[in-house]
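*Asks:* just coords:
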DNA sequence: CGGGCTTATCAAACCGGTTTAGTATGAGAC
DNA sequence: GTCTCATACTAAACCGGTTTGATAAGCCCG
C-alpha cells in the first residue's frame, strides 16, 4: 500500500522526521514532430505527410522519417492533432442508471465491449460517463458536445418522451440512438426488434398449450419496457388468448418476486409468465417455488437476456438472447461513419434468438 | 431504423431514383475565446483569467466577460486547453476480459460508476478500453500514454507477474493499481483485503461446526484468485482444520459446477464450500441439488461479491460484499491526485462485509 | 508634482500538430 | 538552351486555448 520512491533512498532523511520526500523525477518531455523532423533532416510538414500516408514524399525521405520516428519512439500528440483536424477520434457514451440496477444489467458491459471491437481498429477511443439522474445526464451531454471532447455520442436506454434526441440536435453533435427508432426525432437509430423475442416466447408457450400467459414488466418509462409489454399484449391477441393485466416491476429481483406473487394471487392465475428480464424471472421462480408451485410443472417461466446464470440455475431458464456485442460493434461503426459526414446506412443485426431450456413445459392438466 | 432528414422533404427527388440527398447543413462553428473577448471588449488573456478564476480582473470586466460567455454559450475547447496545459483531465481504464466473463462480473460496472462519482465533480472524464488479450492490452496502454490522451491509468485485474507495473513505469505515466499492493513495483495501489471476506466465511462455518471446508478457486493467474485461495488455506490452518486441495475453476458457472462435483466426489467430501465468486456458488448449489443434496442441510455454500441475484435465489446466498463504488470513487480521487503531482496517500476503504443468509447451516450429524 | 507601487490590461509567444501556398529541382519537349 | 511541368520539399499560418512580459493607469505619499 506504500509507494516505493525508486532505488535512491535518502538514508539521512528518515531519522529527521521531516517529510523529506525525494523529489519525484519530472516526467520526461515526450518528443514532438519537430524532434523527428530535425533528426530526419526534413520539415515538420514532411513528417506529417509520412504519418498520414500522403503522396509527395520520396522513398528516401520516407525511410529517414520512419527511422527517426522509431528512434525517438514518437507518437503524434492526440490533442494537437485534434486541434488542427477538429476530429477527436473519440465517441461518448453516457449511461444513466440507478445504482441498484448497474451491476445487474448484462447489457452494458457487453455493449461497451462490442463498441470497442468496432472502435479499436479505427483508432477511436470511447469516453464513458455514468450519471445518476436526468439533470446530470443533460449536463454530461452538454459538456461532451460543448468542449469538443467527442465527435459523436450514443443515446442508450431511451425513455418515452426522452429529451435527448432534441438535445443532441440542439447541441449539433452527431448522435446515434441505440434501440428502436424514434420517428420524427431526426436522430438515426440502430437496434434489434426485441419484441420478437417476446412474440416467440408467447408462441412457444401457446404451442405447449398455455392459455393464460402473464407478463412482468420492466421499469416504467423505458421504451424497451414498453416495446416488450406491447409485444406481449399483441402476441396474446394474435394467438387469440385472453388479455391479462401486465404486472408492473422495475427489472430488479425483488420487484420481480413481488409482481409474481401478485399474478399468482389472482383468481385466474397465469400458467406461464414472460418476464422482461432474466433477473426478475429467476426471482420469480424462487417466489413461485416458495408458494409450493413447481417450475415448470405448475408454472412456466420465460426470461429475457440470457445472462450467464440462466443455465446454472434449476431449472435452466428458457429465455431470449440478443447478440449485444455485435450490436455494439455495428453501433460504433455507424456512429463513426456519421461523424465523418457519411450518410446514415441502416444496419442489419442478428435477430433475437429464443432459447428453450427447462423452465417451460405444458401447463398442468 | 431510417433517418428523417428534417422537415424539408424534396418531393421531386424521390421519383428520379437519384441519390439526391439534401446536403446536411454543416455543423455550426462553435464560438472561440476570441469571439468572447471581442464581444466583451477585452483580450483573450482576460477571458482566460476569468474562466480560470485568477486575480487581476476588474469586477466590471469580469461581468462583461461572463455576460459574453453566456450570450455565446461558449465553453473552452478541451483540446486547445489540453495542448497548452499538458493536462488532459482524462483518466484511462483498460479492461482485459475474456468475453464470456464480461457480463458476469459485477465488479466492472460498479467500479466504473464509482470512478465517475469521483471524477465528475473534478471535471475529469474517463476513457475506457476493453481488450481481449495481453498484446492488445499492452498496445492500449502504449497508445493512451504515448499520444497523451490521458493523464493517468488504472491497472485492474492484476495477474501474478503482471507486466503492467513495469510497463507504466517505462511509459512514464501516472498509474494506480486497483487491488492488493505489488511490493517493489513502484506503482501505488488501492484495494481492500478481500481475503478478510474469506477468513470470515471460514470462521463462520467453523463456528457452525463444519470441519471439512472446501474452496472453489477463481481463474488461474489473477492475484485476487490467489489471495482468496491463500486466505482460505490460512484460515483453515488457523482454525485447526484439515487441509483440502482447492478445486480449480475460472469464475464461470459451468466451471463452478464441475469443481463442485469434483469436491463432492471425494471420499471425504466437504460439508461446506467457499466459492471465489457468487456465480460459481449459485451454479454449485444447483450442482449439489442435482445430486440429491439439500443446501444448506447437507451442504453449506458461501459465495463472494453479493450480486443482486444472491438473495433472489433459493436458498438466499451467504456471501461477502465489498463496497465497490466507494472503491472506485477513492481510486479516482487518488489517481487524480497522483497526476497532479501530489504524493501518494494511502486511503482507508470500508472493509469487506460478510453477509449471512440461508445457504449456510450446521453440518449434517 | 514627481517617484514608487499596485492593479488592470493586452500583445505576443507558445503548446504540437495539419495544411496551404510557394519554392527549388530535375526531367522531358522543342 | 530555354520553357514547361511534375515532383519533392518547406516556411508559415492556423487550430483555440494559456501564460508571460510589458505597458498603462490609478493611488498614495512626501
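*Replies:* Everything's here; your move. This structure is a prediction, so every number in the text was calculated from the model and none was measured.
*Asks:* name the nearest residue to residue A:167, sequence neighbours excluded.
*Replies:* residue A:141 (5.9 Å; Cβ to Cβ, 6 or more residues apart in numbering or on different chains). For glycine as for every other residue, the C-beta is placed from the backbone atoms N, C-alpha and C.
*Asks:* hang on, that neighbour packs against residue A:166?
*Replies:* No. Here residue A:141 does not reach residue A:166: they are 11.0 Å apart, not a contact under Cβ atoms under 8 Å.
*Asks:* these two - which one has more neighbours?
*Replies:* residue A:141 (25 against 12; other Cβ atoms under 10 Å in any protein chain shown).
*Asks:* does that one sit in a helix, a strand or a coil?
*Replies:* Secondary structure for residue A:141, judged by DSSP: H, G, I helix; E, B strand; the rest coil, is helix.
*Asks:* how much distance is there from the helix or strand containing residue A:115 to the middle of the chain?
*Replies:* Using DSSP states H and E, residue A:115 sits within helix A:107-119. From the chain centre to the centre of helix A:107-119 is a distance of 6 Å (Cα atoms, centre = their mean, to the nearest Å).
*Asks:* what's the angle between it and helix B:107-119?
*Replies:* Going by axes from the mean of the first three to the mean of the last three Cα atoms, to 10 degrees, helix A:107-119 is angled at 90 degrees with respect to helix B:107-119.
*Asks:* right, and the helix or strand after helix A:107-119?
*Replies:* Helix A:107-119 is succeeded, C-terminally, by strand A:125-131 (DSSP H and E).
*Asks:* sheet-wise, list the partners of that next one with their directions.
*Replies:* With DSSP bridges as the test, strand A:125-131 is paired with strand A:90-96 (parallel), strand B:125-131 (antiparallel).
*Asks:* using CSV, lay out those together with distance to DNA strand C, mean neighbour count and mean pLDDT.
*Replies:* As requested, the strands paired with strand A:125-131 are exported to CSV (distance: least, Cβ to the nearest atom of the strand, whole Å; neighbours: other Cβ atoms under 10 Å in any protein chain shown; pLDDT from 0 to 100):
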stretch, distance to DNA strand C, mean neighbour count, mean pLDDT
strand A:90-96, 15, 24, 95
strand B:125-131, 19, 23, 93
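*Asks:* re earlier: check which helices and strands the helix holding residue A:115 sits against.
*Replies:* strand A:90-96, strand A:125-131, helix A:324-339, helix B:99-102, helix B:107-119, strand B:125-131 (3 or more Cβ pairs under 8 Å, 6 or more residues apart in numbering or on different chains; DSSP states H and E).
*Asks:* same thing but 10 Å
*Replies:* strand A:90-96, strand A:125-131, strand A:175-178, helix A:324-339, strand B:90-96, helix B:99-102, helix B:107-119, strand B:125-131 (3 or more Cβ pairs under 10 Å, 6 or more residues apart in numbering or on different chains; DSSP states H and E).
*Asks:* in its sheet, what does the third one sit against?
*Replies:* Using DSSP bridges, the strands paired with strand A:175-178 in its sheet are strand A:152-155 (parallel), strand A:189-190 (parallel).
*Asks:* returning to what we had before: among the strands paired with strand A:125-131, which is nearest residue B:334?
*Replies:* Closest approach to residue B:334 among the strands paired with strand A:125-131 (Cβ to Cβ): strand B:125-131, 14.3 Å.
*Asks:* report the distance from the closest one to the chain centre.
*Replies:* Distance, centroid of strand B:125-131 to centroid of chain: 10 Å (Cα atoms, centre = their mean).
*Asks:* now that strand and helix A:324-339, what's the angle there?
*Replies:* Using the same axes, to 10 degrees: strand B:125-131 against helix A:324-339 is 130 degrees.
*Asks:* poorly predicted segments of the stretch 1-150 of chain A, please.
*Replies:* Scanning the stretch 1-150 of chain A for pLDDT under 70 picks out A:1-26, A:99-100.
*Asks:* returning to that earlier point: which one of the strands paired with strand A:175-178 lies nearest to residue B:27?
*Replies:* strand A:152-155 (10.9 Å).
*Asks:* give me the residue from the stretch 251-365 of chain A nearest DNA strand C.
*Replies:* residue A:340 (12.6 Å; Cβ to the nearest atom of the strand).
*Asks:* what sits against that residue?
*Replies:* A:87, A:122, A:151, A:152, A:174 (Cβ atoms under 10 Å, 6 or more residues apart in numbering or on different chains).
*Asks:* are any of the residues you listed buried, and which?
*Replies:* The neighbour-count test (16 or more other Cβ atoms under 10 Å in any protein chain shown) applied to the contacts of residue A:340 identifies A:151, A:152, A:174 as buried.
*Asks:* which residue, other than its chain neighbours, is closest to the first one?
*Replies:* Spelled out, that is residue A:151. residue A:339 (4.0 Å).
*Asks:* now do the contacts for that neighbour.
*Replies:* By Cβ under 10 Å, 6+ apart, the neighbours of residue A:339 are A:87-91, A:124, A:150-153, A:173-176, B:27.
*Asks:* residue A:147 is in contact with residue A:139, correct?
*Replies:* No. Counting by Cβ atoms under 10 Å, residue A:139 stays clear of residue A:147, with 11.9 Å between them.
*Asks:* out of the two, which sits in the busier spot?
*Replies:* residue A:147 (20 against 15).
*Asks:* quick check: that one vs DNA strand D, distance?
*Replies:* 8 Å (Cβ to the nearest atom of the strand, to the nearest Å).
*Asks:* count of neighbours near the residue nearest to that residue when sequence neighbours are not counted?
*Replies:* Of all residues not flanking residue A:147 in the chain, residue B:78 sits nearest, at 4.0 Å (Cβ to Cβ, 6+ apart). When neighbours are counted by other Cβ under 10 Å, residue B:78 registers 25.
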